[in-house]
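In: Need coordinates for the following:
(one chain, ligands or ions: 2)
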Amino acid sequence: MADRSCLAIVLAAGEGTRMHSQRPKVLHPIAGRSLLAHVLDAVHAAGVTETAVVIGPGAEPVAEEAKRVLPQAEIFVQAERRGTAHAVLAARDAIARGPREVLVIFGDTPLMRPQTLTRMRAALGDGAAVVVLGFRPRDPTGYGRLVLEGGELVAIREELDASAAERAIGLCNGGVMAFAGNSALAILTQIGGNNRKGEFYLTDAVAIARTMKLKAVAIETEEDDVRGINTKAQLAEAEAALQQRLRKAALDAGVTLVAPETVFLSVDTEFGRDVTVEPYVVFGPGVTVEDNVVIRSFSHLDGAHVGKGTLVGPYGRLRPGARLGENVHIGNFVEIKEAVIEAGAKVNHLAYIGDARLGAGSNFGAGAIVCNYDGVAKHRTDIGKGAFIGSNAALVSPVTIGDGAYVATGSVVTHDVPADALAIARSRQVVKENRAARLRAMKATSKKTGGTGE
Ligand code: UD1
Ligand code: CA
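Out: Residues are numbered from 1 along each chain as shown. Ligands and ions are numbered 1, 2, ... in the order given. Below is the predicted model of the structure:
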């Protein structure tokens, strides 16, 4: 089999000043993942064998994110920002190892599809030394123009350096380039900073390849693939475009989205069969939903698992570590965090359960809560099968409620309750006959005489 080793170099040294944020640009998320993670996912899915990520000085969080997503990624630092070719050469050692192909991609183009990268690799296989990804933006301002002659690419002209005729070209450089490994370094090291910006332009690779009698070609793709993010407005546009893709994929897979445009998904959201999602639901990262689940309106799920036949919401809030079994009912204004809710359990109204287990078939009453945090540490609560937790009970963790136990309404439970026991932890009710009428009469008199009353 032919060696198809492929090195991807991801340029992530962007300064991101136009985001007006402390956070490095490529770490901003869309659909539950950072921009960089989206790019690394695409690169990985395109069958790349090695990945180099070029970061700016001191961009440790970017390196960490790259390693988290792709542990085998190699990190290179571009010490000074001197242009795209200079950034690529920061990963010179990786190129010098002699991969068969070298792909260069920007870290801020999160909508890049793996199949587009695969098409570029195929064009290298057809004998090109340089492949450029072109697209036709509605507004080409700011992009490098692709100058073609007889089907071959002869140059890329940056807008600042382009003639009026070149500026009229609609086909633009999307930024992604692929190089045949055997000539990549020879081309890249010839790039000089001979342009209006005085930067080392990666785009000069095309003209240099031509002088070396090597072939350069352009392949065309749709704008989304190369949509770069520089501003919060562009971040929001990319989010919208990605949400459209994710909603369509969910619908195509058979999920019922009553109002798709109001449902927000993460790239890793997983659905079983016959799932219904009502309007206005948000899925943060790490959510899996099994068959026959209904997620009702205004629910927010994050890092949660929802078992078969379970009902969530309206206004359900599932936080990381919420694991719901089969046929569970989570009703309105219920928050679950880091807790297992076993099969058939019901938590129907206004409740909080955190760091706990709620046993199968249990009922957790309206307004009841698990007090898992004492201001310093979190503690666990364990509630057995078939237990009944009365309304407005407060279970002060750590505490264990046995199978079939019954906690009376309004109880503050600080001690374990054995199986099948009844716990009542509230003051007794006192009834004073006729006292209400006397109280009212007394207050009326004091109002007339201007006194302060009782
Ligand atoms: C670049 C292309 C242009 C193309 C456009 C597509 C060049 C010279 N121009 O222009 O033809 O139409 O992208 O969006 O390549 N970077 C570094 N280090 C540097 C400089 C840049 O890591 O020293 C990274 C940036 O973080 C960014 C990417 O390279 O991710 C592109 O750089 P940028 O300055 O935005 O290039 P453009 O002017 O947009
Ligand atoms: Ca740019």
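
In: low-confidence ranges in the chain?
Out: Applying pLDDT under 70 to the chain flags the ranges 1-3, 15, 451-454.

In: How about the contacts made by Leu214?
Out: For Leu214, the contact set (CB atoms under 8 Å, 6 or more residues apart in numbering) comprises Ala129, Val130, Ala180, Ser183, Ile187. Heads up, the C-betas are built off the backbone N, CA and C, glycines and all.

In: what secondary structure does it sit in?
Out: coil (DSSP: H, G, I helix; E, B strand; the rest coil).

In: what's the spacing between it and Ala96?
Out: Distance, Leu214 to Ala96, by CB to CB, to the nearest Å: 19 Å.

In: surely Pro260 meets Leu251?
Out: Yes: the pair Pro260 / Leu251 is scored as a contact, 6.4 Å apart, by CB atoms under 8 Å.

In: which of the two has more neighbours?
Out: Comparing Pro260 with Leu251 by other CB atoms under 10 Å, the one with more neighbours is Pro260, at 18 against 12.

In: show me what contacts Cys267?
Out: Rather than Cys, residue 267 is Val. Val267 touches Ala31, Gly32, Arg33, His38, Asp41, Leu242, Leu246, Pro285, counting by CB under 8 Å, 6+ apart.

In: which bits of the stretch 101-250 of the chain sit near ligand 1?
Out: Applying CB under 6 Å from any ligand atom, we find that the stretch 101-250 of the chain lies next to ligand 1 at 106-108, 143-144, 156, 158, 172-175, 201-203, 228.

In: let's see it at 8 Å
Out: Applying CB under 8 Å from any ligand atom, we find that the stretch 101-250 of the chain lies next to ligand 1 at 106-109, 142-144, 156, 158, 172-175, 199-204, 226, 228, 230.

In: Tell me which entries of the contacts of Leu214 lie within strands.
Out: When strands are assigned by DSSP state E, the members of these inside them are Val130, Ala180.

In: and the two most separated of the contacts of Leu214?
Out: Greatest spacing in the contacts of Leu214, by CB to CB: Ala180 and Ile187 (9.3 Å).

In: Secondary structure class of Ala155, three-state.
Out: Assigned state for Ala155: strand (three-state reduction, three-state DSSP).

In: Look up how far ligand 1 lies from it.
Out: 11 Å (CB to the nearest ligand atom, to the nearest Å).

In: Ok, Lys385 next?
Out: 55 Å.

In: Verify the stated contact: that residue with Arg357.
Out: No: using CB under 8 Å, Lys385 is not in contact with Arg357, being 10.0 Å away.

In: what about the helices in this structure?
Out: Along the chain, counting by DSSP state H, helices occupy 35-45, 60-69, 84-89, 92-96, 114-125, 164-167, 181-188, 205-211, 223-226, 232-252, 435-448.

In: Looking at these, which is nearest to Ser266?
Out: helix 232-252 (7.8 Å).

In: I'd like to know which elements the closest one is packed against.
Out: strand 29-30, strand 256-257 (3 or more CB pairs under 8 Å, 6 or more residues apart in numbering; DSSP states H and E).

In: Can you name the residues that contact the residue of the chain found nearest ligand 1?
Out: Ligand 1 sits closest to Gly144 of the chain, with a gap of 2.3 Å, by CB to the nearest ligand atom. Contacts for Gly144 (CB under 8 Å, 6+ apart) come out as Ile156, Arg157, Glu158, Glu159, Cys172, Asn173, Thr203.

In: Now list the buried members of those.
Out: Restricting the contacts of Gly144 to buried positions leaves Ile156, Arg157, Glu158, Cys172, Asn173, Thr203, with burial counted as 16 or more other CB atoms under 10 Å.

In: can you tell me how far the second one sits from Ala216?
Out: Shown here: Arg157 relative to Ala216, a distance of 14 Å by CB to CB.

In: Same question for the fourth one.
Out: Spatial separation of Cys172 from Ala216 under the definition CB to CB is 15 Å.

In: can you check the first one too?
Out: Distance, Ile156 to Ala216, using CB to CB: 9 Å.

In: The residue nearest to the spatial centre of the chain - nearest residue in space that isn't next to it in sequence?
Out: When CA atoms, centre = their mean is applied to the chain, the residue found nearest the centroid is Gly32 (1.0 Å). Spatial nearest neighbour of Gly32, excluding adjacent residues (CB to CB, 6 or more residues apart in numbering): Ser266 at 3.0 Å.

In: wait, doesn't Ala368 sit right on Ile401?
Out: No: applying CB under 8 Å, one finds Ala368 not in contact with Ile401, separated by 11.2 Å.

In: anything in contact with each of those two?
Out: Shared contacts of Ala368 and Ile401, counting by CB under 8 Å, 6+ apart, come down to Ile389, Leu395.

In: Would you mind telling me which of the two has the busier surroundings?
Out: Legend: neighbour count by other CB under 10 Å for Ala368 and Ile401, higher for Ile401 (29 against 25).

In: Hmm, that one is touching Ile389, no?
Out: Yes: in this structure Ile401 lies within contact range of Ile389 using CB under 8 Å: 7.2 Å.

In: where do the contact lists of these two overlap?
Out: Residues touching both Ile401 and Ile389 (CB under 8 Å, 6+ apart): Ile383, Leu395, Val407.
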